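*Asks:* make a model of this:
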Amino acid sequence: MANLYDQAEYEAFATATFATPATGWDAPVPLVLKSESTPYPIDVLPDTLRQAVIEVQSFTQAPLAMVATAAITAMAACMQAHYDVERAPSLFGPSSLFALILADSGERKTTVEGYFNSPIAAHDKHHRIKTAKDMKFFEDESAMWESEKSVRTRNFTNSKNPEDKAHALDLLKDHIEAEPQKPRTPTVCATEITPEQVAYSLANLWPSKFLTTSEGGVVFGGHGMKPDNIMKSLAVLNAAWGGKVEGVDRRTTESYPATDGARLSASIMVQPSVIQSFLEKSGTLARGSGFLARFLVCWPESTQGYRPFKYAPASWPNLSQMHAVMTVLLDREPAMDKEGHLTPEMLRFSDDGRRTWISVHDKIEIELRRGGDLHELRDSASKAADNVARLAAVFHCAENRSGDIESDHVEAAAMIVSWHLDEAKRLFNELAVPLGVLHAKTLIDWLTKECRSTGSRRVTTRKISQYAPNQLRAKAARDAALELLEDSNHLRVDGEGKTRFVELNPSLLGVSS
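*Replies:* Okay, the predicted model is just below:
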């Protein structure tokens with residue numbers, strides 16, 4: 001595939017692509033210049049993660065990159081409450097990670113996450129049961145506290161002697177300071193998935209959360225991402241990536257103060273069409289605010305159609321080893337201040353590790369220049385060095401190492417983040433286009449599959465309205481896509497009225513006219 005950042009290579013690619021074959025049809029003009037996903041660098045993952053990923057992928061046969069990304073974010077969710085990472089003196093931040101996986105339904109993300117997230121699910125279940133018991137004790141204790149408060153308030157009110165009144169006031173103050181505290185439930189998985197709900201959960205329920213969902217449309221297409229709310233929602237998630245929760249002061253709902261003692265990791269799977277719509281609605285905000293730049297983007301090639309039946313293995317030794325590391329982290333009580341805000345331990349680079357990280361940082365910076373490989377991706381690249389540090393910290397904990405983060409984990413993290421940057425390029429090159437172009441691409445993909453399955457190059461417009469993807473069944477969307485495809489030599493539309501036929505360019509089916 002042509003390098004979109006090399007002008008000479010692009011011109012050669014365009015010349016070959018747009019040449020007219022001698023078939024009576026002009027060659028189709030590409031709707032979007034596509035690039036293929038490169039192989040995921042699985043070999044650089046540390047042993048604990050790599051072996052678990054290979055074990056799960058071998059059975060599920062899900063895309064390798066998706067499996068690896070699920071494993072990494074699950075580990076980050078377990079360690080983020082305990083460790084921050086220092087990139088340089090006075091330059092530090094959370095170890096949490098955001099991942100965005102683009103895939104259609106059926107890619108088994110929920111299945112994959114079930115394997116990696118099971119220690120988190122078990123931890124959350126245990127604490128929900130425990131908190132239910134603690135809540136009953138809290139309610140009884142609160143009732144007794146309120147009763148005693150009434151007695152002490154009455155004693156203060158009825159006291160006539162100044163000394164008695166002062167003593168009664170001291171007793172009342174002491175009692176108020178001893179008010180029972182409502183138990184918090186230290187559950188990690190965020191069941192509240194809108195940005196505002198996530199912020200509330202971090203501030204009021206538990207300060208370390210993992211937002212994981214295979215229904216990313218709720219995040220990117222929900223109420224919080226409507227035009228009136230999108231700027232605020234992006235700001236909330238941007239702040240959470242940095243370990244902060246913006247304070248809320250309302251009269252009608254529960255308020256909470258701002259804090260930098262919260263941690264959020266995220267693993268969100270969303271269909272490409274949803275991201276396309278989100279990019280169109282958000283305009284320049286999604287990129288200009290740095291929102292998408294914070295994500296490790298993953299858009300793997302589908303494995304559907306290439307997954308023969310397999311029996312589940314009798315045991316999962318490598319996954320069990322990863323689970324053991326996660327469980328130790330989950331069972332450890334996180335350090336907090338008296339307000340219940342996290343105060344994580346600081347992980348630092350070794351001398352070699354810091355030199356390696358600085359080298360990675362500077363190489364990225366050079367590529368941001370005009371003509372550099374990352375010039376058109378400056379938003380994502382600007383967060384890349386930060387993500388390298390975070391990922392190196394995750395690798396360090398996954399291997400249960402003590403001391404400082406060594407250069408081998410920084411180098412491995414840099415290779416993984418570089419791969420994700422390439423995926424982000426693909427996302428913006430292919431999806432940051434008008435929705436009409438995406439509809440046309442979706443329609444021609446469906447038509448090509450349909451014609452190959454029937455052995456015919458012709459399809460009625462009525463059949464398109466009945467069986468094409470949902471967003472193309474309405475007449476207006478269908479006809480707009482057909483017009484664009486006809487103008488770009490992908491097909492011809494014949495007939496009038498209700499009986500119209502679409503004839504595909506034979507080159508799309510690998511045959512001549």
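*Asks:* isn't there a helix covering Ile120?
*Replies:* Yes: counting by DSSP: H, G, I helix; E, B strand; the rest coil, Ile120 is found in a helix.
*Asks:* how much space between the closest residue in space to it that isn't next to it in sequence and Asn117?
*Replies:* Closest residue to Ile120 apart from its sequence neighbours, by Cβ to Cβ, 6 or more residues apart in numbering: Val188 at 5.1 Å. Glycine gets a C-beta too; all of them are placed from N, C-alpha and C. Applying Cβ to Cβ, to the nearest Å, the value for Val188 to Asn117 is 9 Å.
*Asks:* and Phe395, by the same measure?
*Replies:* 19 Å.
*Asks:* again with Val328
*Replies:* 16 Å.
*Asks:* do Ala384 as well
*Replies:* Counting by Cβ to Cβ, the gap from Ala384 to Asn117 is 26 Å.
*Asks:* can you check Thr442 too?
*Replies:* Going from Thr442 to Asn117 by Cβ to Cβ gives 31 Å.
*Asks:* which one of the two has more residues nearby?
*Replies:* Asn117 (24 against 19; other Cβ atoms under 10 Å).
*Asks:* and the more buried one, that one's in a strand?
*Replies:* No: Asn117: not assigned to a strand; according to three-state DSSP it is helix.
*Asks:* name the nearest residue to it, ignoring sequence neighbours.
*Replies:* Using Cβ to Cβ, 6+ apart and skipping residues adjacent in sequence, the residue nearest Asn117 is Ala74, 5.4 Å away.
*Asks:* returning to what we had before: need the residues touching each of Val188 and Asn117.
*Replies:* Jointly contacting Val188 and Asn117 under the rule Cβ atoms under 8 Å, 6 or more residues apart in numbering are Phe210.
*Asks:* where do the strands sit along the stretch 1-150 of the chain?
*Replies:* With DSSP state E, counting those that start in this stretch as the criterion, the stretch 1-150 of the chain has strands at 83-88, 91-94, 98-102.
*Asks:* quickly compare those and say which is most buried.
*Replies:* The highest average neighbour count among those, using mean count of other Cβ atoms under 10 Å, belongs to strand 98-102 at a mean of 25.
*Asks:* gap between the residue lying farthest from the centre of the chain and Ala168?
*Replies:* For the chain, the largest distance from the centre (Cα atoms, centre = their mean) belongs to Asn161, which lies 65.0 Å off. Distance of Asn161 to Ala168, given as Cβ to Cβ: 10 Å.
*Asks:* go on, Ala480?
*Replies:* In terms of Cβ to Cβ, Ala480 sits 79 Å off from Ala168.
*Asks:* tell me the contacts of Ala481?
*Replies:* Here Ala481 is in contact with 436, 439-440, 442-443, 472 (criterion: Cβ under 8 Å, 6+ apart).
*Asks:* how many neighbouring residues does Lys498 have?
*Replies:* Around Lys498 there are 8 other residues, counting by other Cβ under 10 Å.
*Asks:* that one touches Arg462, doesn't it?
*Replies:* Yes: using Cβ atoms under 8 Å, Lys498 is in contact with Arg462, at 7.1 Å.
*Asks:* for the stretch 251-400 of the chain, just list every one of the strands.
*Replies:* Along the stretch 251-400 of the chain, the segments classed as strands by DSSP E, counting those that start in this stretch run 263-270, 295-298, 345-348.
*Asks:* if you compare the ones you listed, which one is most tucked away?
*Replies:* Note that of these, strand 263-270 is the most buried (mean count of other Cβ under 10 Å), with a mean of 27.
*Asks:* and it, what other elements does it pack with?
*Replies:* When contacts are defined as 3 or more Cβ pairs under 8 Å, 6 or more residues apart in numbering; DSSP states H and E, strand 263-270 sits against helix 64-79, strand 98-102, strand 208-213, helix 217-220.
*Asks:* how about low-confidence regions in this structure?
*Replies:* Scanning the chain for pLDDT under 70 picks out 1-23, 192, 222-224, 248-255, 512-513.
*Asks:* residues in contact with the residue nearest to Asn117?
*Replies:* With Cβ under 8 Å, 6+ apart, Ala74 has these contacts: 113, 116-117, 120, 210, 267, 326.
*Asks:* switch those over to a markdown table; also include distance to Leu319.
*Replies:* Shown next, in a markdown table, are the contacts of Ala74 (distance: Cβ to Cβ, whole Å):
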| residue | distance to Leu319 |
| --- | --- |
| Glu113 | 13 |
| Phe116 | 8 |
| Asn117 | 12 |
| Ile120 | 14 |
| Phe210 | 18 |
| Ser267 | 17 |
| Met326 | 10 |
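*Asks:* from those residues, pick the one nearest Arg401.
*Replies:* Nearest to Arg401 out of the contacts of Ala74 is Met326 (Cβ to Cβ; 15.5 Å).
*Asks:* any idea how many residues pack against that closest one?
*Replies:* The tally of other residues near Met326 (other Cβ under 10 Å) stands at 24.
*Asks:* what of Arg50?
*Replies:* 19.
*Asks:* does it touch Asp43 like I think?
*Replies:* Yes: assessed by Cβ under 8 Å, Arg50 is found in contact with Asp43 at 7.4 Å.
*Asks:* skip the chain neighbours and tell me the closest residue to Ser267.
*Replies:* Using Cβ to Cβ, 6+ apart, the closest residue to Ser267 is Thr73 (4.1 Å).
*Asks:* wait, that neighbour touches Ser95, no?
*Replies:* No: with contact defined as Cβ under 8 Å, Thr73 does not count as touching Ser95 (11.6 Å).
*Asks:* quick one, phi psi at Trp446?
*Replies:* Here is the backbone geometry of Trp446 (degrees, to the nearest 10): phi -70, psi -40.
*Asks:* and the gap between it and Asn429?
*Replies:* Distance of Trp446 to Asn429, given as Cβ to Cβ: 22 Å.
*Asks:* same question for Val245.
*Replies:* 34 Å.
*Asks:* so these two - more neighbours on which side?
*Replies:* Taking other Cβ under 10 Å, Val245 and Asn429 do not tie; Val245 has more neighbours (25 against 16).
*Asks:* if the more buried one is in a bridge, with which residues?
*Replies:* Partner residues in beta bridges with Val245, using DSSP bridges, are Thr259.
*Asks:* show the end-to-end separation of stretch 360-380, please.
*Replies:* With Cα to Cα, to the nearest Å applied, stretch 360-380 spans 15 Å between its terminal residues.
*Asks:* just say helix, strand or coil for the nearest residue to Val360 once chain neighbours are set aside.
*Replies:* Counting by Cβ to Cβ, 6+ apart, Ala414 is the residue found nearest to Val360 once chain neighbours are left out, at 4.6 Å. Following three-state DSSP, Ala414 is assigned to helix.
*Asks:* show me what contacts Ala414?
*Replies:* 356, 360, 388.
*Asks:* the second one contacts Asp386, doesn't it?
*Replies:* Pointing back at Val360 there. No: Val360 lies out of contact with Asp386 (Cβ under 8 Å); the separation is 10.9 Å.
*Asks:* Trp299 is in contact with Pro63, correct?
*Replies:* No: counting by Cβ under 8 Å, Pro63 stays clear of Trp299, with 9.4 Å between them.
*Asks:* picking that back up, burial of the residue nearest to Ser267, as a residue count?
*Replies:* Using other Cβ under 10 Å as the criterion, Thr73 is surrounded by 27 other residues.
*Asks:* and Asp43, by the same measure?
*Replies:* Burial of Asp43 is recorded as 9 neighbouring residues (other Cβ under 10 Å).
*Asks:* again, but for the one 5 residues further on
*Replies:* Other residues lying near Thr48 total 21 when counted by other Cβ under 10 Å.
*Asks:* setting the sequence-adjacent residues aside, check what's closest to it.
*Replies:* Among residues not flanking Thr48 along the chain, Ala398 sits closest, at 4.9 Å (Cβ to Cβ, 6+ apart).
*Asks:* ok, the residue nearest to Leu211 when sequence neighbours are not counted - contacts?
*Replies:* Nearest non-adjacent residue to Leu211, counting by Cβ to Cβ, 6+ apart: Ala266, 4.1 Å away. Counting by Cβ under 8 Å, 6+ apart, Ala266 touches 73, 97-99, 210-212, 295.
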